[in-house]
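Asks: pasting the sequence and the predicted model now:
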Amino acid sequence: MKFEFDRSSFAAVGGLAAAAAAGYYLYQNYVRKPNCPITPHVIPRAIPLVGNIVRALRAQSLDENVKDFEEAFPKETIAFMLPMQGWVVATVSPKNAEWILRTNFENYPKGPKLHDILEDFLGDGIFSTDEQIWRTHRKRAAPMFSLTMLRDFMFKVFVKHTNTMLEMIQEAADKGETVDMYSLLNRFTLECVGEIGFGTELGCLRDSDFEFMSAFDRANELSELRGWNPFWKILRLFNLGPEAMLRQDVSTLNRLSLSIVRERREELLRCDDDRAFADAVRSSRSRASRQLSKTSSMSGSVTTTVSSLRNSSRKGLKVRFTDENSEDGTIDDSSPLEVSKTLRPSTAETPRSHAPPSAACRDFLSLYMTADPTTTDSQLRDMVLNFLIAGKDTMSQAMSWALYELMQHPRVLQKAREEIKKAREETKGGDLNFEVTRNKLPYLVSVLHETLRLHPSVPRLFKTAKNDDYLPDGTFIPQGSITVVCAHTMGHLKSVWGEDAKEFRPERMRR
């Protein structure tokens with residue numbers, strides 16, 4: 001059968017397609033839209049597509065966000081369209097923030113759009129996933145942040161590297177050199193997080209050109225840029241511009257992080273072997289004591305062939321006791337003193353239970369490997385990079401901004417110094433231990449809280465509406481909309497913090 005279309009038929013089909021597209025555009029933009037103020041464009045709305053592109057570029061500026069909400073006051077929720085992304089609803093209302101991040105948390109996952117943006121960099125880690133995968137990551141990470149781990153492991157790591165950093169600052173002072181504190185604090189936090197997370201010293205604190213950190217910081221910045229660039233997938237397809245650089249940085253991160261994972265896996269296996277060896281020796285000694293109590297009438301000495309255990313076959317280890325008065329020099333084979341134990345079971349054997357990592361193997365990576373020995377190197381690579389982004393940037397930025405604010409406010413600096421001096425006097429001039437640091441520095445804690453109010457390490461939190469919803473302030477959120485909790489803007493608004501909202505005043509944080 002042959003179909004023929006004349007010119008009028010093509011015109012009719014084209015007209016229907018155009019009408020459908022126009023209808024969909026009108027429906028999405030004028031029917032399925034948030035019922036909150038639409039932010040003004042910097043050029044006339046008569047050119048909506050171009051206007052929205054410019055608006056998207058402006059939205060990257062935190063200062064512009066503050067101006068938008070100041071102009072919209074008393075409204076605390078505003079919206080705008082992103083080309084090829086749909087509606088973006090931004091809020092600074094504390095009630096809305098709690099609703100999105102806590103009360104109705106299940107309706108606001110990160111969503112597939114954010115996962116696509118972060119997947120090349122963070123894979124399927126905790127910061128790019130939702131639902132069951134996210135819950136699994138959270139469950140496995142929880143033991144790492146117990147009070148015991150903070151006191152007995154993390155605090156000691158921070159103290160050790162803090163002393164190294166202070167030595168570096170003193171060396172620079174003696175030479176009259178200038179120190180880039182932001183760069184130094186970035187290397188400091190990476191060194192600390194590296195040891196806490198992976199059980200190894202990266203050696204980056206004294207190396208300002210550390211390859212891993214440079215690639216990590218660029219990949220982080222370029223991944224964030226994707227959120228504001230509607231054409232990033234096209235650039236990735238042709239490996240152009242920032243996407244070409246991102247691909248190169250991700251390749252570097254993959255190589256270095258997989259190297260960390262594989263080395264740590266081998267170290268953890270050695271920890272397992274050492275524990276198995278120690279358990280076997282303790283068991284053999286206990287059994288030897290029981291046997292000797294039964295054969296107390298026997299004379300002679302008991303020799304334990306333990307020295308060769310570490311070099312024994314990986315399939316098992318054997319402990320044998322000999323009595324000099326026996327005819328063949330050995331105890332009967334039926335004796336309970338013979339110990340056989342598998343050191344490294346094959347996958348076909350029943351896996352032995354994994355005890356909590358020892359002091360030498362209790363880093364974050366070891367906890368993951370112990371919780372699930374079947375976890376692949378690729379999955380562990382994702383964990384490594386997500387753990388880094390959770391700890392490195394957040395701490396280094398917070399400390400850098402805290403130092404900046406202290407330098408700008410001598411009165412606050414003096415009060416913080418006096419509090420630290422008093423705490424040191426209570427320890428008789430010694431170092432501040434964990435308990436003193438935790439309980440005796442309330443003003444310094446207020447300084448950090450005030451710093452994070454004005455300079456939050458995560459200035460905006462992006463979520464995607466799973467279903468239609470209404471925020472506590474009455475704003476309608478269409479399904480699929482990107483919701484943004486603007487933590488930075490919220491910390492600068494007079495409607496939230498009062499007339500002195502933009503001033504640095506730690507006293508407001510004192511309870």
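Replies: Here it is on my side, so go on.
Asks: would you list every one of the strands in the stretch 351-500 of the chain?
Replies: 460-464, 469-470, 476-477, 482-486 (DSSP state E, counting those that start in this stretch).
Asks: looking at these, which one is packed in the most?
Replies: Burial among the strands of the stretch 351-500 of the chain, expressed as mean neighbours by mean count of other CB atoms under 10 Å, is greatest for strand 482-486, which shows a mean of 24. For glycine as for every other residue, the C-beta is placed from the backbone atoms N, C-alpha and C.
Asks: check which helices and strands it sits against.
Replies: Strand 482-486 sits against strand 86-91, strand 460-464, with contacts defined as 3 or more CB pairs under 8 Å, 6 or more residues apart in numbering; DSSP states H and E.
Asks: how about the residue most central in space within the chain: what's its closest non-neighbour residue?
Replies: The centroid of the chain falls nearest to Ala390 when counting by CA atoms, centre = their mean (2.6 Å). Distances taken as CB to CB, 6 or more residues apart in numbering put Phe127 closest to Ala390, at 7.2 Å, once the chain neighbours are dropped.
Asks: check contacts around the one you found.
Replies: Counting by CB atoms under 8 Å, 6 or more residues apart in numbering, Phe127 touches 110, 118, 386, 389-390.
Asks: same list (these) but as TSV, adding distance to Phe434 and pLDDT.
Replies: TSV is the format used below for the contacts of Phe127 (distance: CB to CB, whole Å; pLDDT from 0 to 100):
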residue	distance to Phe434	pLDDT
Lys110	34	94
Leu118	35	95
Asn386	26	92
Ile389	26	88
Ala390	21	88
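Asks: among those, which ones are buried?
Replies: Neighbour-count burial (16 or more other CB atoms under 10 Å) applied to those gives 110, 118, 386, 389-390.
Asks: of the residues you listed, which is the nearest to Asp500?
Replies: Taking CB to CB as the measure, Ala390 is the one of the buried ones among the contacts of Phe127 closest to Asp500, at 32.0 Å.
Asks: for Glu243, give me the pLDDT.
Replies: pLDDT, Glu243: 96.
Asks: got any ranges where the stretch 401-511 of the chain has weak pLDDT?
Replies: Scanning the stretch 401-511 of the chain for pLDDT under 70 picks out 429, 511.
Asks: let's see that with 90 instead.
Replies: The stretch 401-511 of the chain contains residues with pLDDT under 90 at 424-433, 495-496, 510-511.
Asks: helices of that one, start to end?
Replies: For the stretch 401-511 of the chain, the helices defined by DSSP state H, counting those that start in this stretch cover 410-426, 434-439, 442-454, 487-490, 494-497.
Asks: do you know which of these lies nearest Val88?
Replies: Closest approach to Val88 among the helices of the stretch 401-511 of the chain is made by helix 487-490 (13.9 Å; CB to CB).
Asks: can you give the distance from the closest one to the centre of its chain?
Replies: For helix 487-490, the separation from the chain centroid amounts to 21 Å (computed by CA atoms, centre = their mean, to the nearest Å).
Asks: so which elements touch that helix?
Replies: The contact analysis (3+ CB pairs under 8 Å, 6+ apart) places helix 487-490 against helix 62-72, helix 94-98, strand 460-464.
Asks: for those, which one ends up most surrounded?
Replies: Mean neighbour count (mean count of other CB under 10 Å) peaks for strand 460-464 among the helices and strands packed on helix 487-490, with a mean of 19.
Asks: give me the sheet partners of that strand and which way each runs.
Replies: Partners of strand 460-464 in the sheet, by DSSP bridges, are strand 482-486 (antiparallel).
Asks: got the angle for the partner strand vs helix 62-72?
Replies: Interaxial angle of strand 482-486 relative to helix 62-72 (axes from the mean of the first three to the mean of the last three CA atoms, to 10 degrees): 90 degrees.
Asks: export strand 482-486 as CSV, just CAs?
Replies: Output in CSV follows, covering the C-alpha atoms of strand 482-486 (Å, rounded to 0.1, in the frame of the first residue of the first chain):
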residue,chain,number,x,y,z
ILE,A,482,13.2,21.1,41.5
THR,A,483,12.9,22.4,45.1
VAL,A,484,15.7,24.4,46.6
VAL,A,485,16.2,25.1,50.3
CYS,A,486,18.4,28.2,50.3
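Asks: list of residues touching that strand?
Replies: Strand 482-486 has contacts (CB under 8 Å, 6+ apart) with 65, 69, 82, 85-92, 96-97, 100-101, 108, 111, 113, 459-465, 477.
Asks: over to stretch 129-147?
Replies: Where contact means CB under 8 Å, 6+ apart, the residues beyond stretch 129-147 that reach it are 109-111, 115, 124-126, 149, 364, 367-368, 371-372, 383, 386.
Asks: need the distance between the two termini of it.
Replies: Using CA to CA, to the nearest Å, one end of stretch 129-147 lies 27 Å from the other.
Asks: show me what counts as buried in that stretch.
Replies: Going by neighbour count (16+ other CB under 10 Å), the buried part of stretch 129-147 is 129-130, 134, 137, 140-141, 143-144.
Asks: next step: these restricted to helices.
Replies: Within those, residues falling in helices by DSSP state H are 134, 137, 140-141.
Asks: mind putting those into TSV with pLDDT?
Replies: Conversion of those to TSV gives the following (pLDDT from 0 to 100):
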residue	pLDDT
Trp134	93
His137	89
Arg140	85
Ala141	85
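Asks: out of those, who's nearest Arg508?
Replies: Ala141 (31.8 Å).
Asks: the closest one and Ser257, how far apart?
Replies: With distances taken as CB to CB, to the nearest Å, Ala141 is found 17 Å from Ser257.
Asks: same check, this time on Cys192
Replies: Remark: distance between Cys192 and Ser257 (CB to CB) = 17 Å.
Asks: more neighbours: these two, which one.
Replies: Cys192 (25 against 22; other CB atoms under 10 Å).
Asks: can you name the residues that contact the more buried one?
Replies: 157-158, 161, 391, 395.
Asks: try 6 Å
Replies: Counting by CB atoms under 6 Å, 6 or more residues apart in numbering, Cys192 makes contact with 157-158, 161.
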